Each structure stands twice: as structure tokens, then as C-alpha cells.
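**Q** My questions concern the predicted model and sequence given below.
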Amino acid sequence: MRQEMLAMVVVLGLSIVEVAAWGDCVGDQYNILMEFYNSTNGPKWVKNTGWGQNGQCCQWYGMDCNCHVDKSHCVLAKIRLGQNGLKGTIPDSIGKLGPVLNWLWLDENDLTGTLPDTLGNLTNLQSLDVGLNQLTGSIPPVFGGLTNLAVVDMSQNQLTGGIPADLSKPPYLNYLYLQDNSLSGPIPEEFEQAQSLRAMFFYNNNLTSIANDMKEPAQVAKANGCLLEGNQFKCPIPNWTKTSCKATCT
């Protein structure tokens, strides 16, 4: 998945925090964003126009804000810094952006380290893309409470450990991309209850089992959006995983 697919996220009605003047950072936003900038080698990004030069966060490169029609107030809504030469770690403080942030796109960079647990504090997050980086460690079990989350891409990293069952819980989750990592263990049965899920791409990992009585998520079946090949499943596995998802077992 790349930006074109992410753009298919359905825009949901969200409560957001307003800033007092057009484009100004509000509260701790300046310090939070500058910590992120410094943690990811901001001075050497491909583009870093505006960062740290003034307190108008909405005018910094990669920052998208929702503004009132007369620009009397704006809200930081999206961070879009894919393919921008970021190198380093995602700081815990990113979670302090709390209910403001809707999109966090950091794909195709050189990010290392682990995914911070504080991502679970981004309560209005709709789209998370950290694909095509060098992230390690496990997927933190913090996404179940993100009720507006629609797209998650963690593909093509070096993630290990299991797939958290709570990733199946966001009610509007449409697309989940975890392929090309080193994830292990079972596919949680809870995914059969993921009523909005249209794509589950878990191929090229080290997954080992699928409960034989697990049912295919309804929307995945309709969209033909499942790929599970390139894992290490032990038989038996459900027939639908073989016919619809190219899974094999031994």
C-alpha cells in the first residue's frame, strides 16, 4: 500500500482542538514537533521548510491543518513526511498530540527503533503509515481503543513478536498491511469479527498457525483482500485461507 490507497480513508466526524490564530502551534505542539524533528535528523531531511523557524506549525513542510474558511483558526490534522529522508527513532512524545492528529504518514524513510506505546494516545487517528522503514521490536497492543482508525501500514520493516488481537478491534479498520516483517505466532481469531476489514496482508512473515474453525472476515471475502503466503503455518488451516489467501501449511 502506498499513498494512493491511504487516501481512500473515509473521513469521519471528529472532535478536534482549535488553535487561537491561523497556523500557530498551540500548547506544547511546538516542543513536541521539534523533539520529533531532532529525533529523526530533521536538519538533513529532504525537505524541512519552516521547521523551527517560527511558531506557525501549520506552515511547516509536511504539516496539514484544517482551517476555518476565513482562516481565523486552524487545527493540526495530518503529518505527511513519507519519502523525506527521516532517520532515527519516533519519540514517545508523539502521543502528546493526542486527539488532534488524524493522519501520521512516515513511510519510506530510515526510521529505526520500536513503535512507541504512546501511539495509543492518538485517539482520533485515522491513518497510520510507517511502512518501508527499519523498525524493530513488537507491535504494541495499543490500537484497540483507536475507534476511528481505518488504515494501518507497518509493512516492510523488521517487526517481531505476535500480531496483537487488539488490532482487530477498531470498528472502522479497512486496511491492515503487516507483510514483509518477521512476525510470528498465530493469526488471532478475533479478526473474524473485524466487520469493516477489507484487506489483511500478512504475507512473508513467520506466522505459524490459524485456528481451523476461524471464519473469513466478511468484507475481506467480498473484496478478495487477503494474502497469507510465505509463512510457516502448521496444518490444519481453514480452507478459505488456502483458496482466497494463498496460504500453505505443512
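**A** In hand now; what should we look at?
**Q** low-scoring stretches of this protein, by residue?
**A** 1-22, 68-72 (pLDDT under 70).
**Q** Closest to the centroid, which residue in it?
**A** The geometric centre of the chain, computed from its C-alpha atoms, lies nearest to residue 128 (CA atoms, centre = their mean), at 2.4 Å.
**Q** distance of that residue from residue 53?
**A** In this view, residue 128 and residue 53 are 28 Å apart by CB to CB, to the nearest Å. Using the backbone N, CA and C atoms, a C-beta is placed for each residue, glycine as well.
**Q** same check, this time on residue 162
**A** Residue 162 sits 43 Å away from residue 53, going by CB to CB.
**Q** Neighbours of the residue nearest to residue 114 when sequence neighbours are not counted, how many?
**A** Leaving aside its sequence neighbours, residue 114 sits nearest to residue 137 (CB to CB, 6 or more residues apart in numbering; 3.5 Å). Look at residue 137: counted by other CB atoms under 10 Å, it has 13 neighbours.
**Q** Contact partners for the nearest residue to residue 192 once chain neighbours are set aside?
**A** In space, and not counting its chain neighbours, residue 192 is closest to residue 215: 4.3 Å by CB to CB, 6+ apart. Shown in contact with residue 215 (CB atoms under 8 Å, 6 or more residues apart in numbering): 192, 238, 240.
**Q** Got a quick PyMOL command for the buried subset of these?
**A** Here is the PyMOL command that selects the buried residues among the contacts of residue 215 (16 or more other CB atoms under 10 Å):
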select buried, resi 192+238+240
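**Q** Just to be sure, which of the contacts of residue 215 are found in strands?
**A** Residues of those located in strands (DSSP state E): none.
**Q** other SSEs contacting the lengthiest helix in the chain?
**A** When the chain is parsed with DSSP state H, its longest helix is helix 29-39. Using 3 or more CB pairs under 8 Å, 6 or more residues apart in numbering; DSSP states H and E, no helix or strand is in contact with helix 29-39.
**Q** going on from that helix, what's the next piece of helix or strand?
**A** Following helix 29-39 in sequence order, the next helix or strand is strand 63-67 (DSSP states H and E).
**Q** Dihedrals phi and psi, residue 105?
**A** Backbone torsions of residue 105, given as degrees, to the nearest 10, read phi -110, psi 110.
**Q** burial of it, as a residue count?
**A** 23.
**Q** And it, how close does it get to residue 151?
**A** Counting by CB to CB, the gap from residue 105 to residue 151 is 10 Å.
**Q** Show the contacting residues for the nearest residue to residue 96 once chain neighbours are set aside.
**A** Spatial nearest neighbour of residue 96, excluding adjacent residues (CB to CB, 6+ apart): residue 32 at 5.1 Å. With contact set as CB under 8 Å, 6+ apart, residue 32 has these partners: 93, 94, 96, 97.
**Q** could you redo the last one with a cut-off of 10 Å?
**A** 25, 57, 91, 93, 94, 95, 96, 97, 98 (CB atoms under 10 Å, 6 or more residues apart in numbering).
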